[in-house]
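A.B. asks: The amino acid sequence is not available; the structure is as follows:
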């Protein structure tokens, strides 16, 4: 059994913790929270051991009469692998703590920061993470770009990729951030950091990205333009490459998938926990080839797409699994269909 | 004096009517409304003659005790040029009415429909509209694409254009339409109609477009990717071409233009009527050249960008003006800066 801890219990941490519990070869040793709230209450109800991040945090739990097992340092003694899901920009601060405890760590990818020995997207570079002490699961946008572009590259070759990312403004539970009724180029300078982030995984790929925020809370929308290497490649070739790709689902406008909202609604209807969409979602009817360039729309659930990658990254650093073995276990546990 | 009527007094009609009033060589003979409401009350306060669209509509005005001069047919007797600004898809129904009255007509561009003898963007093809009886001002998105792409083409040549259009969901006063909290590929199939629409003006241009709706009411955001003909063209060359373009303004993120909202706020602060932005607005800091392709963000005020084109189209079909004469008169009257 791989003993896993999760430091941080927000958007990613909660999902990874639940996913760890579903793995037959993993044991969730516990999660950390900075303060007691409804999220820690839910953890307690689920039987997940909750730890405070530090002594001050521990006091807050005790003062509130909330269940708490100790601090992050205590949790670190009980795990083989720690998943860092602490708030943005705090991973760097925790890194020496993990190192001192000699615990292997999975970091989450952020904006261009590199905290680990390797960036990670399971289907692209699982083997690169093997034997590493630190691995960084790339961001939701980068994960989707890597999955879809590598799939097309495998099928018909990608000479050059351009992606326009319409990013959801923030997550559904975050009521502090905007925008409302505006589009925010983010950044206004080009290219955005997503291209170089993809290149950490798909090395040597020619890619330029542009990104802006739109007033939604569910899913990013990618508009992809891929120059194809294979002479005379047709739409059918691109579709075949995408259909064969793991963790990529195809939807159609004519089946009612008229928006990102429909994809989330489909996940709700399918009984996915928290309506999570683990798959990069490609509109089949958007896939078009014009003059050797493939165009398509891809939707990305920012809360969920990296969950399977975190599980595979745990196995990769722990060792003893092939890519195929790990991905099969992960996909079966999360209900990601094999094709 | 060119006697001008405006059929329809909504988003475009109201703006064109006000712009006509500002022209020294034009007289606003009147506007039509289907029913009395706050918009017709404002028109009355401004001294604009209001006509009902038909007899039933005339009854409604009279029943409400609202000022009304007659019907569309009466207005048609008093004009040289009619601007059709009736709701979407009704231009076709009115076309025979205009023809029977032997009145030259300016139509508004919609989704791929072609009602007139020529499509029109003043700086691109003014001369093509000369002597025509019917001219169609292209849509807001198409107008912006034509202005910006033709400017870059003039400066450094455009071999191939790709545009991703993040479209505002609807206008600020329209509370019936969505989306809220979703992104809507529109259509899900690719390419969108905007490419062929641009080709009605920039004939022979190689262009592919993708479009989706986002939950905003102010401005579209275009992400442009232009393959440049000029070998070794630099960012500075593209910027110079854009700086030289009429009806195109440049803004910078570092000057506070962080979003579409900032551009509208700037227009409000500058005293523009109804915060109208007539110019295609390019983020200077977004303009980037990578491997012979120029990338940039462009914001488009869907309510206002076609207003100067309507005024120039009136002069073009009326005759007696060069492109330069007409555009100079229009720009001076609307406060569009010459550079």
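C.D. replies: Received the coordinates, thanks. Please read all numbers here as calculations on a predicted model, not as lab measurements.
A.B. asks: pLDDT below threshold where in the stretch 201-339 of chain A?
C.D. replies: The stretch 201-339 of chain A contains residues with pLDDT under 70 at A:338-339.
A.B. asks: Counting neighbours, what do you get for the residue of it found nearest chain B?
C.D. replies: At 3.0 Å from chain B, residue A:253 is the closest residue in the stretch 201-339 of chain A, using C-beta to the nearest C-beta. For glycine as for every other residue, the C-beta is placed from the backbone atoms N, C-alpha and C. Around residue A:253 there are 20 other residues, counting by other C-beta atoms under 10 Å in any protein chain shown.
A.B. asks: what does the model give residue A:109 for pLDDT?
C.D. replies: Predicted confidence (pLDDT) for residue A:109: 87.
A.B. asks: For it, give me its contacts.
C.D. replies: Residue A:109 sits next to A:119, A:136, A:137, A:138, A:139, A:142, A:197, A:306 when contact means C-beta atoms under 8 Å, 6 or more residues apart in numbering or on different chains.
A.B. asks: can you pick the most crowded of these?
C.D. replies: residue A:137 (32 neighbours).
A.B. asks: Would you mind naming the residues that bridge with that residue?
C.D. replies: Beta bridges link residue A:137 to residue A:108, residue A:120, judged by DSSP bridges.
A.B. asks: For it, which residues are in contact?
C.D. replies: Going by C-beta under 8 Å, 6+ apart, residue A:137 touches A:106, A:107, A:108, A:109, A:120, A:121, A:143, A:306, A:309, A:310, A:313.
A.B. asks: quick check: angle from the longest strand along chain A to strand B:158-168?
C.D. replies: Scanning chain A for the longest strand, with DSSP state E as the assignment, gives strand A:158-168. Inter-element angle recorded for strand A:158-168 and strand B:158-168: 20 degrees (by axes from the mean of the first three to the mean of the last three C-alpha atoms, to 10 degrees).
A.B. asks: Pull out the buried residues from strand A:158-168.
C.D. replies: A:158, A:160, A:161, A:162, A:163, A:164, A:165, A:166, A:167, A:168 (16 or more other C-beta atoms under 10 Å in any protein chain shown).
A.B. asks: same check, this time on stretch A:1-13
C.D. replies: Result for stretch A:1-13 [16+ other C-beta under 10 Å]: buried residues A:2, A:3, A:4, A:5, A:6, A:7, A:8, A:9, A:10, A:11, A:12, A:13.
A.B. asks: which one of those residues is nearest chain B?
C.D. replies: residue A:11 (16.7 Å).
A.B. asks: So residue A:188 is in contact with residue B:297, correct?
C.D. replies: Yes - Residue A:188 is within contact range of residue B:297, at 6.9 Å (criterion: C-beta atoms under 8 Å).
A.B. asks: which non-adjacent residue is nearest the residue of the stretch 51-200 of chain A found nearest chain B?
C.D. replies: Evaluated by C-beta to the nearest C-beta, the stretch 51-200 of chain A has residue A:188 as its residue closest to chain B, separated by 3.1 Å. Excluding the flanking residues, the one nearest residue A:188 by C-beta to C-beta, 6 or more residues apart in numbering or on different chains is residue B:253, at 3.1 Å.
A.B. asks: ok, so what distance separates the one you found from residue B:283?
C.D. replies: Distance, residue B:253 to residue B:283, by C-beta to C-beta, to the nearest Å: 6 Å.
A.B. asks: where do the contact lists of these two overlap?
C.D. replies: Residues touching both residue B:253 and residue B:283 (C-beta under 8 Å, 6+ apart): A:185, A:188.
A.B. asks: does chain B sit close to the longest helix anywhere in chain A?
C.D. replies: Counting residues, the longest helix found in chain A (DSSP state H) is helix A:140-156. No - legend: contact between helix A:140-156 and chain B by C-beta under 8 Å from any C-beta of the partner chain is lacking; minimum distance shown is 13.9 Å.
A.B. asks: how about that helix: buried residues?
C.D. replies: Here helix A:140-156 shows A:140-153, A:155-156 as buried, counting by 16+ other C-beta under 10 Å.
A.B. asks: which phi and psi does the residue of chain A most remote from its centre have?
C.D. replies: Distance from the C-alpha centroid of chain A, by C-alpha atoms, centre = their mean, peaks at residue A:63 (34.7 Å). When read as degrees, to the nearest 10, the backbone of residue A:63 gives phi -60, psi -30.
A.B. asks: May I have the residues that are in contact with it?
C.D. replies: By C-beta under 8 Å, 6+ apart, residue A:63 lies in contact with nothing.
A.B. asks: for residue A:300, same thing?
C.D. replies: A:140, A:141, A:143, A:144, A:219, A:220, A:221, A:222, A:280, A:281.
A.B. asks: Repeat that for residue A:288.
C.D. replies: A:235, A:294, A:295, A:296, B:189, B:190, B:191.
A.B. asks: Now these in JSON lines, please, with extra columns for distance to residue B:55.
C.D. replies: Output for the contacts of residue A:288, formatted as JSON lines (distance: C-beta to C-beta, whole Å):
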{"residue": "A:235", "distance to residue B:55": "53"}
{"residue": "A:294", "distance to residue B:55": "55"}
{"residue": "A:295", "distance to residue B:55": "50"}
{"residue": "A:296", "distance to residue B:55": "52"}
{"residue": "B:189", "distance to residue B:55": "42"}
{"residue": "B:190", "distance to residue B:55": "45"}
{"residue": "B:191", "distance to residue B:55": "44"}
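A.B. asks: Between the residues you listed, which sits nearest residue B:227?
C.D. replies: residue A:295 (14.8 Å; C-beta to C-beta).
A.B. asks: three-state assignment of the closest one?
C.D. replies: Following DSSP: H, G, I helix; E, B strand; the rest coil, residue A:295 is assigned to strand.
A.B. asks: Tally up the residues packed near residue A:320, please.
C.D. replies: 11.
A.B. asks: Likewise for the one 10 residues further on?
C.D. replies: Residues lying near residue A:330 (other C-beta under 10 Å) number 24.
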